[in-house]
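[1] predicted model, plus sequence, below.
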Amino acid sequence: MMKHTSLLTLALLLLGNTLMAQNNGTWTLYNTKNSDIGGNNIAAIATDNKGVWVGTYQGLCRLNGGSWLDYAMFNEKLKNQSINCMMTDRRGVVWIGTDDYGVIEFDGTHWTEYATETRRLKMKFIKEIVQDNDGVFWIGVTLGGLVSYNGYTWEKYTPEDCGLLSDFVLDLAVDRANRKWITTNAGVSVFNDRRWLSYTVDNSGLPDNIVPAVAIDNNNVKWFGTLNGLASYDGEEWHIWNTANCPLPSNQVNDLVFDADGMLWIATSAGAAVFDGESRWVVFTSKNSGLPSGNIYKVAVSRQGDVWFGSDTKGLAKLSGFTMPVPETPSASTVTDDRQDEDAQQAQQSAAEERVRINPHLSEGYITITMESPTATVTFTNKAGKDVKTVTNYRSNQKIMINKLAKGMYIVRVSTARGEKSIKFNLK
């Protein structure tokens, strides 16, 4: 009997490696019914060597070992106070962003408040706090713009006096060059302490101007969670992932964080996922894991490798002992069903009919690819068999920058819903 690639295997080859979350790691759920956590609406998560800090709409609590501690008993201003963000600085001091009292510091014993600065700079509704490479703190304020604090002086930035796109700051991150990436409800602003840049749907590949999350990987690539999918930007090219071209649970991306292995953890309005940045995904929902159902608002990774997920209404979940599965190499299988065999042959025939042409523009440092399918994943493989560049969600005749590729022979694989075409390309 002849052997053919089954239709299922062919679909996996075309659509990439999507791995289920079942039977990989241990889940623990904390809510107000089964624990002493302060609330079920998780607005902030921060981890340290001793445990996890959790901010809710009802205040600040901490899990150390198996016990929860409500910090309103030490600072009454935290009682029924919305805790929107937290961070631990280089000294080990916890910075807490609140709705009504601005920024509060806690060193484990003493509390420091900035009541005068909160009133003067209108720093209520703190959304995010980061510390840059020079030790300066940057504070994002909902409807209040951006504030910096170097330990001595405070400075405020608003759209009226600088290049900040909006005073509705959603998230902050700092890159290797100490540039501040500020996401807002009107796009992304970048500040290098002297000049401002802006990225919006009108001047970049950003898929939506509302950007709740930003994270930066080990290669200094910027990743953005928007209301219309996930985006990455390496300084030259934008790549977009959404529910139409990948297993992302929802196009509303609420939070992003990288773990120690460089895996991207994604919180969305319909579950969570982890992504290796290239092709492997694991998707978590209430149906295939211990994740609560509904909107997953926050995600954090501890130094021990535990992953914490905060739901907007159903508590906190911890995933321990998870490892990213390595996909098995698809093998040929015997097809006994005549209909499956016919469908597989038709799919292979469609792949053979896909017309692909590379159009080099070497003097300008790019190529374009003409194809019939609406989108494709384009991969450059060098003569050593190593994949050196991948472009996802590619559309016909878009530019692909190749000016940073080494000279030599490449195999360019163009993978579409109809199949895959491989073309030799000599970069001289």
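    Yep, that arrived.

[2] ok, Asn393 touching His239?
    Yes. Here Asn393 lies in contact with His239, judged by Cβ atoms under 8 Å, at a distance of 6.4 Å. The C-beta positions use only the backbone N, C-alpha and C, and glycine is treated the same way.

[3] more neighbours: which of these two?
    Between Asn393 and His239, counted using other Cβ atoms under 10 Å, the more crowded position is Asn393 (22 against 19).

[4] ok, the more buried one - contacts?
    Residues in contact with Asn393 (Cβ atoms under 8 Å, 6 or more residues apart in numbering) are His239, Ile240, Trp241, Asn242, Asn245, Thr375, Thr377.

[5] neighbours of the last one, how many?
    Number of residues near Thr377 (other Cβ under 10 Å) recorded here: 22.

[6] partner strands of the helix or strand hosting it, parallel or antiparallel?
    Taking DSSP states H and E as the definition, Thr377 sits inside strand 376-382. Applying DSSP bridges, strand 376-382 is found paired with strand 387-394 (antiparallel), strand 408-416 (antiparallel).

[7] put the alpha carbons of the last one into CSV.
    Backbone C-alpha positions of strand 408-416 (Å, rounded to 0.1, in the frame of the first residue of the first chain) are rendered in CSV as follows:
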residue,chain,number,x,y,z
GLY,A,408,25.5,33.6,-0.2
MET,A,409,22.9,31.1,-1.3
TYR,A,410,19.6,30.8,0.5
ILE,A,411,16.5,28.7,0.2
VAL,A,412,13.5,30.9,0.5
ARG,A,413,10.4,29.0,1.7
VAL,A,414,7.0,30.6,1.1
SER,A,415,4.4,28.8,3.2
THR,A,416,0.7,29.6,2.5
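
[8] what's in contact with it?
    14, 354, 356, 358, 369, 371, 373, 375-383, 388, 394, 420-427.

[9] which of those residues count as buried?
    14, 354, 356, 358, 369, 371, 373, 375-382, 394, 420-421, 427 (16 or more other Cβ atoms under 10 Å).

[10] any regions of the stretch 301-428 of the chain where pLDDT drops low?
    Applying pLDDT under 70 to the stretch 301-428 of the chain flags residues 327-354.

[11] where exactly do the strands run in the stretch 201-350 of the chain?
    213-216, 222-226, 229-233, 238-241, 253-258, 264-268, 271-275, 280-284, 296-301, 307-311, 316-320 (DSSP state E, counting those that start in this stretch).

[12] export those strands to JSON lines and tack on distance to Lys156?
    Converted to JSON lines, the strands of the stretch 201-350 of the chain look like this (distance: least, Cβ to Cβ, whole Å):
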{"stretch": "strand 213-216", "distance to Lys156": "21"}
{"stretch": "strand 222-226", "distance to Lys156": "25"}
{"stretch": "strand 229-233", "distance to Lys156": "27"}
{"stretch": "strand 238-241", "distance to Lys156": "31"}
{"stretch": "strand 253-258", "distance to Lys156": "26"}
{"stretch": "strand 264-268", "distance to Lys156": "30"}
{"stretch": "strand 271-275", "distance to Lys156": "35"}
{"stretch": "strand 280-284", "distance to Lys156": "39"}
{"stretch": "strand 296-301", "distance to Lys156": "26"}
{"stretch": "strand 307-311", "distance to Lys156": "29"}
{"stretch": "strand 316-320", "distance to Lys156": "33"}
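
[13] nearest to Arg176, out of those strands?
    strand 213-216 (8.1 Å; Cβ to Cβ).

[14] pairing partners for the closest one, with directions?
    strand 222-226 (antiparallel).

[15] in the strand it pairs with, what's buried?
    Those would be Lys222, Trp223, Phe224, Gly225, Thr226, for strand 222-226 by 16+ other Cβ under 10 Å.

[16] before we move on, what about stretch 403-415?
    Leu405, Tyr410, Val412, Arg413, Val414, Ser415.
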